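J.: When you get a sec, could you give me coordinates for this:
(one chain, ligands or ions: 1)
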Amino acid sequence: MSRRATSRDTDADRELLDCITATPPQSFMVTAGAGSGKTTSLIKALERVIEKHGESMLMRRQRVACITYTEVAANEIREDVAAENLVHVSTIHSFYWTIASTFQADIKVWVLKGLQEHLDGLVSKVFGPKVQQKTKDKNKKDQARYKKYLEAASRVPSFRYGVASDYDDGVLGHEDILKLCNYLLRHKPLFRRVVALNFPFIFIDESQDTFPEVVESFKMLEAQMRDRFCLGFFGDPMQKIYLRGAGKIVLEDGWKAITKPENFRCAQSILRVANAIRKEGDGLQQVGGLHELVDGVSQPVEGSARIFVLPNTGDRQAALSQLRAWSAAANEDDGWVKPEDAVKILVIVHRIAAKRLGWAGIYSALNDQAPTSFKQGLLDGTCWPVRQPGLRCSPLVHAVDCGDEFAAMNILREHCPRLQPEGAAGGSVPTVLKEIRGATIALQGMIRDPAATLTTVVAHLRDTQLLTIDPRMERALGLGAGVGDEAAFDPEAEADGGEEGAGSSPTADLSVAKLLQCPAAELLPYALYVAEGSPFATQHGVKGAQFDRVLVVMDEEESDYNLYDYEKVLSEKQASADDRKAFETGNDNTWSRTLRLMYVCCTRAKRGLALAFFVANPEATAAHIVASGIFPKGSVVTQDILDVA
Ligand SMILES: Nc1ncnc2c1ncn2[C@@H]1O[C@H](COP(=O)(O)OP(=O)(O)OP(=O)(O)O)[C@@H](O)[C@H]1O
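T.: Coordinates of the predicted model:
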């Protein structure tokens, strides 16, 4: 039995058991706040499916699927549930490929249909008299490209799953896998049936950030196979931090709504802040809070939760050190001044982290005037320009730095085109290996060369075929600053752009062109930041995590007011009245996004929470915060109070 599965059963756990053991099983939606033990309940539910149905599932070669948001979360759940042969834990992309990969004939039809439709669109395009010749030339070039894709795809014997779509090579990228599988689930009753028979239970964690199309596809599966299938969502609309997330999931007839009113994570003072923030949102209030045994009796932990409203004119690092020293004294807790990892620092405004850690250029390229999907994907390394293997050369350099030949070879085996079966041509094995080694050593030097840019690195990777380059990046490289002219449609790129078509819009092209001008030396610190090897972490990297002490750094001066604006949440109510009204009618906006982000950040803390808010007018802001009711007066600390201590 796992550690989590042995914790005390809550009412929700008992309701879940009823859903799992009902005949037929009942689909459900668990909606509960932060720290309420949703992941714990999910793990218990997995164990109960195994307990109650394991034997028959084994005989039918069935498994229960658990879909998590990140690979990190998948690993955590795998560690907690010891039944690999019965539980399939993975991210949505990986699960989708698991269920679709054997439907090769359908995949080919889908790919060819999509390419043909796009080609038809290009061919039938009518240009007005004012359209420039270069636009018409581009259309012709695109037509040629899509004809080539079509020919190549029709010859591909079978399709594989890779980072970015490459139809010539039979590779389908992340976005294509999503679209393909959603298509199969929506349009192929036989496919739905096969999926349900192989996976009679599918549980989805972090459902609020699951794409709405995925939710709809699974709902169709459930509707068809209801007599022998159970779909379960675990989520919290208030913790939706991705713009493309589904948020609140509408229950279908016959589904069970399960809630968990408890919070097991946060000390009382932190829980009060969390509840006050949430009161502004959907109003859900949690009870309980962190308890610990004192002389054998369970006692609530009071902990600490404060906001420090500080001038944005001074040195931020000095201010943070002062704040930490002050907190250590006030809380009688040396943890606040211990080395960085005793305090989890969440930098809400990433430009500060980028400047401090040495990747300000990358930040600016993919943030300033960039499409929203780039801005978000930059922070956790998921948007295509930084996700493609070429820009992920840091692990290879790191392995070479450490003399870890084994790790370096593993990376190359996966991402070096010359080591792929289809790319093996071009010299004897010893010669190829020698050339790869030479290219790797050159990369190791280049990535630290102050004169080298990302263009230098990407060109090197392309010329030596050391690591796969996304075709979009190759196109950008080929055209340099004029990349905007080559805003060619790419099915994956367009989808990747999410709401704003970031793959191929002029703003996206400009961002990629700017990115290629960045110093190569920024790659290593950026990779470290995304991997959370640095004391800073993105709020996106802390989904589902918890820490004893959390320091949230917010800087009004450097906010991106279109996405987040802390003044709107931490100010007098009137400031956000219009946003509030708009939100109630279903429009997500700066205020609601900021409120949710603050909720996620604050509720990561177990015992100590400190928010550092750097503003132009600390006195007025402090007064607003008290008026907002989120922090009581005694928990709003200004510079004069810090200085007295
Ligand atoms: N039934 C329980 N009894 C005691 N402690 C519990 C129980 N369920 C969960 N916990 C504890 O509460 C904390 C939060 O649990 P968990 O991470 O499962 O919550 P969550 O709802 O998934 O959180 P979040 O939505 O914020 O990511 C963990 O420390 C966990 O061990």
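
J.: Where does pLDDT dip in the stretch 101-250 of the chain?
T.: 163-164 (pLDDT under 70).

J.: which residues of the stretch 451-600 of the chain fall in strands?
T.: Remark: strands assigned in the stretch 451-600 of the chain by DSSP state E, counting those that start in this stretch are 536-537, 547-555.

J.: mean confidence for the longest one?
T.: Confidence over strand 547-555, taken as the mean pLDDT, stands at 89.

J.: ok, now the first one?
T.: Averaging pLDDT along strand 536-537 yields 48.

J.: Please apply the same query to stretch 34-48.
T.: Per-residue scores along stretch 34-48 average to 95.

J.: Any chance of CSV for the strands of the stretch 451-600 of the chain, columns mean neighbour count?
T.: No exception for glycine: its C-beta is placed from N, CA and C like everyone else's. What follows is these, written out as CSV (neighbours: other C-beta atoms under 10 Å):
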stretch, mean neighbour count
strand 536-537, 22
strand 547-555, 22
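
J.: Alongside the ligand, which residues does the stretch 401-550 of the chain contribute?
T.: G544 (C-beta under 6 Å from any ligand atom).

J.: Can you say which of the strands of the stretch 451-600 of the chain is nearest to V195?
T.: strand 536-537 (35.6 Å; C-beta to C-beta).

J.: now the biggest strand by length in the chain: how far from the chain's centre is it?
T.: What stands out as the longest strand in the chain, according to DSSP state E, is strand 605-615. With C-alpha atoms, centre = their mean, to the nearest Å as the basis, strand 605-615 stands 23 Å off its chain's centre.

J.: Just give the number of residues close to the residue in the stretch 401-550 of the chain positioned nearest to the ligand.
T.: Using C-beta to the nearest ligand atom, the closest approach of the stretch 401-550 of the chain to the ligand is made by G544 at 3.9 Å. Around G544 there are 18 other residues, counting by other C-beta atoms under 10 Å.

J.: residues touching it, list them.
T.: By C-beta atoms under 8 Å, 6 or more residues apart in numbering, the contact set of G544 is 39, 69, 73, 76, 206.

J.: residue of this structure with the smallest distance to the ligand?
T.: For the chain, C-beta to the nearest ligand atom, closest residue to the ligand: G37, 2.7 Å.

J.: What are the phi and psi values at the closest residue to that residue other than its chain neighbours?
T.: In this structure, G37 finds its nearest non-sequential neighbour in F264, 5.5 Å apart by C-beta to C-beta, 6 or more residues apart in numbering. Main-chain torsions, F264, degrees, to the nearest 10: phi -100, psi -10.

J.: burial count for F264?
T.: Neighbour count of F264, defined by other C-beta under 10 Å: 19.

J.: List the residues that contact it.
T.: Contact partners of F264, counting by C-beta under 8 Å, 6+ apart, are 35-37, 288-290.

J.: what about 10 Å?
T.: 7-8, 10, 35-37, 40, 286, 288-291, 546, 606 (C-beta atoms under 10 Å, 6 or more residues apart in numbering).

J.: Filter the residues you listed down to the buried ones, PyMOL style.
T.: In PyMOL syntax, the buried subset of the contacts of F264 is picked out as below (16 or more other C-beta atoms under 10 Å):
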select buried, resi 10+35+36+37+40+286+288+289+290+546+606
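
J.: what residue ranges in the stretch 251-400 of the chain are flagged as low confidence?
T.: The model of the stretch 251-400 of the chain has pLDDT under 70 over residues 340, 348-349, 380, 389-390.

J.: Show me what from it comes close to the ligand.
T.: Within the stretch 251-400 of the chain, the positions adjacent to the ligand are 264-265 by C-beta under 6 Å from any ligand atom.

J.: Please enumerate the helices of the stretch 251-400 of the chain.
T.: For the stretch 251-400 of the chain, the helices defined by DSSP state H, counting those that start in this stretch cover 268-280, 316-331, 350-357, 360-367, 372-380, 384-387, 394-401.

J.: I'd say S7 and D13 touch.
T.: Yes - assessed by C-beta atoms under 10 Å, S7 is found in contact with D13 at 9.0 Å.

J.: Quickly list what's touching both of these two.
T.: Common neighbours of S7 and D13 (C-beta under 10 Å, 6+ apart) are 37, 40-41, 44.

J.: could I get those residues as CSV with secondary structure?
T.: Formatted as CSV, these follow (DSSP: H, G, I helix; E, B strand; the rest coil):
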residue, secondary structure
G37, coil
T40, helix
S41, helix
K44, helix
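
J.: follow-up on the earlier one: tell me the average confidence for the longest strand of the chain?
T.: Across strand 605-615, pLDDT averages out at 95.

J.: Taking the contacts of G544 together, which two end up most distant?
T.: For the contacts of G544, the farthest-apart pair by C-beta to C-beta is E76 and E206; their separation is 12.4 Å.

J.: Mutual contacts of the two, please.
T.: 39, 68, 70, 544.

J.: Just the ones in strands from those residues, please.
T.: Those of the shared contacts of E76 and E206 lying in strands (DSSP E): T68.

J.: For the closest residue to A153 other than its chain neighbours, give me its contacts.
T.: Closest residue to A153 apart from its sequence neighbours, by C-beta to C-beta, 6+ apart: Y167 at 4.6 Å. Counting by C-beta under 10 Å, 6+ apart, Y167 makes contact with 111-112, 114-115, 146, 148-154, 156, 159, 176, 471, 491-492.

J.: Now the buried members of those.
T.: Buried among those (16+ other C-beta under 10 Å): 111-112, 114-115, 146, 149-150, 153, 156, 159, 176, 471, 491-492.

J.: just checking, P519 touches D449?
T.: Yes - the pair P519 and D449 passes the contact test of C-beta under 10 Å, sitting 8.9 Å apart.

J.: The residue of the chain positioned farthest from its centre and N139, how far apart?
T.: When distances to the mean C-alpha position of the chain are computed (C-alpha atoms, centre = their mean), the maximum falls on P129, with 44.4 Å. P129 sits at a distance of 15 Å from N139 (criterion: C-beta to C-beta, to the nearest Å).

J.: Same check on L391?
T.: Going from L391 to N139 by C-beta to C-beta gives 30 Å.

J.: what do you get for Y529?
T.: 40 Å.

J.: ok, these two, which is more surrounded?
T.: The neighbour comparison of Y529 against N139 (other C-beta under 10 Å) goes to Y529, with 28 against 17.

J.: follow-up on the earlier one: most neighbours among the contacts of G544, please name it.
T.: Busiest of those [other C-beta under 10 Å] is E206, holding 25 neighbours.

J.: quick one: that residue and A74 touch, right?
T.: No - using C-beta under 10 Å as the test, E206 is too far from A74 to be in contact (11.3 Å).

J.: Quick check: neighbours shared by these two?
T.: Residues touching both E206 and A74 by C-beta under 10 Å, 6+ apart: 67-68.

J.: residues near the closest residue to L609 other than its chain neighbours, how many?
T.: Once flanking residues are discounted, L609 sits nearest to A305: 4.3 Å by C-beta to C-beta, 6+ apart. The criterion is other C-beta under 10 Å. On that basis, A305 has 27 neighbouring residues.
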